[in-house]
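J.: fold the following.
(chains A and B)
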Protein chains: 2
Amino acid sequence: MRKSNYFLKTRKETPSDATLISHKLMIRTSMIKQTTSGIYAWLPLGLKVLKKIENIIRDVQNLFGCQEILMPTIQQSDLWKKTGRYNDYGPEMLKFLDRNKKELLYGPTNEELITNIFKDYVNSYKDLPKNLYQIQWKFRDEIRPRFGIMRCREFLMKDNYSFDLTADAAKKSYDNMFKCYLKTFQSMGLRAIPVKADSGAIGGDMSHEFHIISESGDTKIIYDKKIDTLKDLTSESSYKILRNIHSVTEEKYDESDCSLKKKDIVIKKGIEVGHIFFFGTKYSSSLNTYVLDKNGKKINVEMGSYGIGVSRLVAAIIESSHDKDGIIWPKEVSPFDIGLINLNPKDKKLTKISDNLYLTLKKNNKDVLYDDTFESPGNKFADMDLIGIPNQIIIGKKNVENNNLEIKNRKKNKLTKVNLKNINQIFKQLN
Amino acid sequence: MRKSNYFLKTRKETPSDATLISHKLMIRTSMIKQTTSGIYAWLPLGLKVLKKIENIIRDVQNLFGCQEILMPTIQQSDLWKKTGRYNDYGPEMLKFLDRNKKELLYGPTNEELITNIFKDYVNSYKDLPKNLYQIQWKFRDEIRPRFGIMRCREFLMKDNYSFDLTADAAKKSYDNMFKCYLKTFQSMGLRAIPVKADSGAIGGDMSHEFHIISESGDTKIIYDKKIDTLKDLTSESSYKILRNIHSVTEEKYDESDCSLKKKDIVIKKGIEVGHIFFFGTKYSSSLNTYVLDKNGKKINVEMGSYGIGVSRLVAAIIESSHDKDGIIWPKEVSPFDIGLINLNPKDKKLTKISDNLYLTLKKNNKDVLYDDTFESPGNKFADMDLIGIPNQIIIGKKNVENNNLEIKNRKKNKLTKVNLKNINQIFKQLN
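T.: All right, here's what the predicted structure looks like:
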């Protein structure tokens, strides 16, 4: 994509309510634009990252045996009345009437609806287990939306739901999703720590949140320092440790229940990016949802639900990966693979070299943001650092005179000179 | 995907309100489930088709220079009041209050919001033209939702918006989208005919609808029979003819304006799948949106908007491609490439052959629905025909004894015997 044609405009100023670094950087890079309180439009640069995160989540969900569906954003009140949550959910649920005065709501979560869908298609134990997921917009009418997309009202969430015959089988489904989440976050270049948590409005008696450690996190988490020594959170041995080790949210912390010595305890701030729940027959019993077992007996299905904040992850990743100059995208979710800078588009030689390289990179399936604008070199460098693409290729007069170009590793802030005709060497230097 | 594990349940009965064949077939194949009046959930089989259509649209939008963004589903009333559409749009617009009594609405279309977004980032003629699109859920509170997803309330739409300095440039953008739409529908294996149309609630003085011919269409279209002789609607010569030939909706038909002889007129029923509008400065003037021209003069941008009914297309394709046994998917949008039927999973030899072939096909990037269930052969054949995958591979005892399998072309209803070890020959027979 040529920057001269791209719907992208970086800026230096940020709105006064933007206190969080991710909020500031997303506004400054025109990833998002607020359209009204707590509601945002995703502009091209932001949407690319959102889609990458969405696709990683989708791939890992599929890998773990989940099947994708899509529920509507708007639901009727009837099922929520049956489970009692129409009133219990509170004022965060956006309720309204349609033109025929029927009570509707914008789904803040989907346990009721999915249970009702399941009921219509599955009636035998032979069809279990099942695990259905969706990636869909939700609305929660926050009393005080803030922190950009971190605590907004309309947000993108991956939610899935498991259905099993027995509580034991359901716990296996829960463990499967526990592993799925470790894998999902790692696939984005993130380290997310599972902690025992309260189950809140969803209900049930087993629940974990997944947290990214960040100074700006709004939850305190307390965990055994052994976790910080685990290299690969997705290995089977790490899983066993993470599933059994002491690791909880502050709400859930009980000193009398914690046998750890003070020196073995880590207390950090985390940003919640995932939350999983096992709640047994809470919804299947109130919505009369059962399968027939081997003996033809009606059994209420045992359920769990599992959420990942897809849009929130964009901000969480920025919180955990930036420096004073801007964002540093993990390559897995970076909006582009390479930022190519032509330092002087008025120089025909530089432009020819840059244009050719742009085409070569595209032919090799590299997604490139090509700065072909007439901005000053200083502005170009600052913009590219701000946007945070992991690799920059810089075409400038001095280097070109020596048949070189420069490759900058954004994270290490390291420049490497490479012969500009040596494409293999260029590829080797890329992240 | 093994059918035994897939969230799919075909049925013979359909709800009494399902009169349209696409509605019936989508219910019978468990592509969709109604959750309340005019609102549907998309189940795995339906969502796969929806995503394929969405991706084709996205690819062609990108090819024609449009850039993807994503606007929220919920908007505030203020911009709609400025353009006068808050009242003018009528009761199809779903309006409600949030917890702070702010007036919100679920976007039925997005001219106001996109104009306001554009305004924030573009202020020079140098940045024009621009064309932004999104694929997002919309809500229109139909008084009488019917025909399944063909006339429902929550629906997926691709909408894009062009911004130009002059009316002439804007008309070029309009023509570019005209071509883009011809290409889009052809890429789905569809033939969609452009007709001059009224511009309704969007406004403006130039508008075309794109129609798929179908007996079940609810719009009469009247056009020069030359159109039916055009082989490739996307060629430059076809474009010139289509852009200038007599072709209108019934509403727009004016006998005194039509110089065609009776014998040269075709009158058919069409299903609207796309609609494009040029409306000049209608929104940019009421929302005070301008750029500075070469001389620093403020110029209200000239705009057009362009819609494709993404979810509606799923039904429209079925309407135009089915037979008495079920759906016949064009291969471009088929939920799977191949339906593989093991006629008797209790037979170890058949199962080994089927399992191996399933793996081989998957390795070759074929998406396969593998019927490994214990249903009767009759049910398996009926189900596979109903679902409508273009290619079926049938593994049965008699043929296997002669080292053969059968490949069925769903559309031609033609069976071909192929040596089951000859993978190349199998691939050659596939659509």
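
J.: any idea which element residue A:86 lies in?
T.: For residue A:86, the host element (DSSP states H and E) is helix A:85-88.

J.: list the buried ones in the following helix or strand past that helix?
T.: From helix A:85-88 onward toward the C-terminus, using DSSP H and E, the following helix or strand is strand A:94-97. Buried residues in strand A:94-97, counted by 16 or more other Cβ atoms under 10 Å in any protein chain shown: A:94-96. Just so you know, the C-beta spots here come from the backbone N, C-alpha and C atoms, and that holds for glycine as well.

J.: near chain B at all, strand A:94-97?
T.: Yes - counting by Cβ under 8 Å from any Cβ of the partner chain, chain B has neighbours in strand A:94-97: A:94-97.

J.: pick the one among those closest to residue A:299.
T.: Of all these, the one with the least separation from residue A:299 (Cβ to Cβ) is residue A:95, at 33.4 Å.

J.: which residue comes closest to that closest one once chain neighbours are left out?
T.: residue A:105 (4.8 Å; Cβ to Cβ, 6 or more residues apart in numbering or on different chains).

J.: pull the contacting residues for the closest residue to chain B within the stretch 151-300 of chain A.
T.: Across the stretch 151-300 of chain A, the shortest distance to chain B (Cβ to the nearest Cβ) belongs to residue A:154, at 4.8 Å. Residues counted as contacts of residue A:154 (Cβ atoms under 8 Å, 6 or more residues apart in numbering or on different chains) are A:38-40, A:137-139, B:72-74.

J.: do residue A:222 as well
T.: Contacts for residue A:222 were tallied using Cβ under 8 Å, 6+ apart; they are A:195, A:246-250, A:253, A:258, A:265-267.

J.: mind checking which of those are buried?
T.: Buried among these (16+ other Cβ under 10 Å): A:195, A:246-249, A:253, A:266.

J.: so the residue in the stretch 201-350 of chain A positioned nearest to chain B, which of the three states?
T.: At 9.9 Å from chain B, residue A:311 is the closest residue in the stretch 201-350 of chain A, using Cβ to the nearest Cβ. Recorded secondary structure, residue A:311: helix (DSSP: H, G, I helix; E, B strand; the rest coil).

J.: excluding its backbone neighbours, what's nearest it?
T.: Leaving out its chain neighbours, residue A:311 is closest to residue A:156 (Cβ to Cβ, 6+ apart), at 4.2 Å.

J.: still on that earlier bit, pretty sure the residue of the stretch 201-350 of chain A closest to chain B contacts residue A:50?
T.: Yes - using Cβ atoms under 8 Å, residue A:311 is in contact with residue A:50, at 6.3 Å.

J.: intersection of neighbour lists for the two?
T.: Both residue A:311 and residue A:50 are contacted by residue A:156, under the criterion Cβ under 8 Å, 6+ apart.

J.: which one of these two is surrounded by more residues?
T.: The residue with more neighbours, out of residue A:311 and residue A:50, is residue A:311; 26 against 22, by other Cβ atoms under 10 Å in any protein chain shown.

J.: ok, the more buried one - contacts?
T.: Counted by Cβ under 8 Å, 6+ apart, residue A:311 has contacts A:50, A:149, A:152, A:155-157.

J.: can you redo those as CSV with secondary structure and pLDDT?
T.: Output for these, formatted as CSV (DSSP: H, G, I helix; E, B strand; the rest coil; pLDDT from 0 to 100):
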residue, secondary structure, pLDDT
A:50, helix, 98
A:149, helix, 95
A:152, coil, 97
A:155, strand, 98
A:156, strand, 98
A:157, strand, 98
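
J.: by neighbours, which of those residues wins?
T.: Most neighbours among those, by other Cβ under 10 Å: residue A:149, with 29 neighbours.

J.: need the contact list for that one.
T.: The neighbours of residue A:149, taking Cβ under 8 Å, 6+ apart as the test, are A:23, A:26, A:32, A:40, A:155, A:311-312, A:314-315.

J.: count of neighbours near residue A:39?
T.: Counted with other Cβ under 10 Å, residue A:39 comes out at 22.

J.: that one: what's it in contact with?
T.: Here residue A:39 is in contact with A:152-154, B:72, B:74-76 (criterion: Cβ under 8 Å, 6+ apart).

J.: ok, now with 6 Å
T.: A:153-154, B:72, B:74 (Cβ atoms under 6 Å, 6 or more residues apart in numbering or on different chains).

J.: swap in residue A:372?
T.: Contacts of residue A:372 (Cβ under 6 Å, 6+ apart): A:2, A:4, A:342, A:345.

J.: please report how far it lies from chain B.
T.: 13 Å (Cβ to the nearest Cβ, to the nearest Å).

J.: what about the nearest residue to residue A:404 once chain neighbours are set aside, helix or strand, and which?
T.: Setting aside the residues directly before and after it, residue A:404 is nearest to residue A:417 in space (Cβ to Cβ, 6+ apart), at 4.7 Å. Here residue A:417 sits within strand A:414-419, counting by DSSP H and E.

J.: other residues contacting that strand?
T.: A:403-404, A:406-408, A:425-426, A:429.
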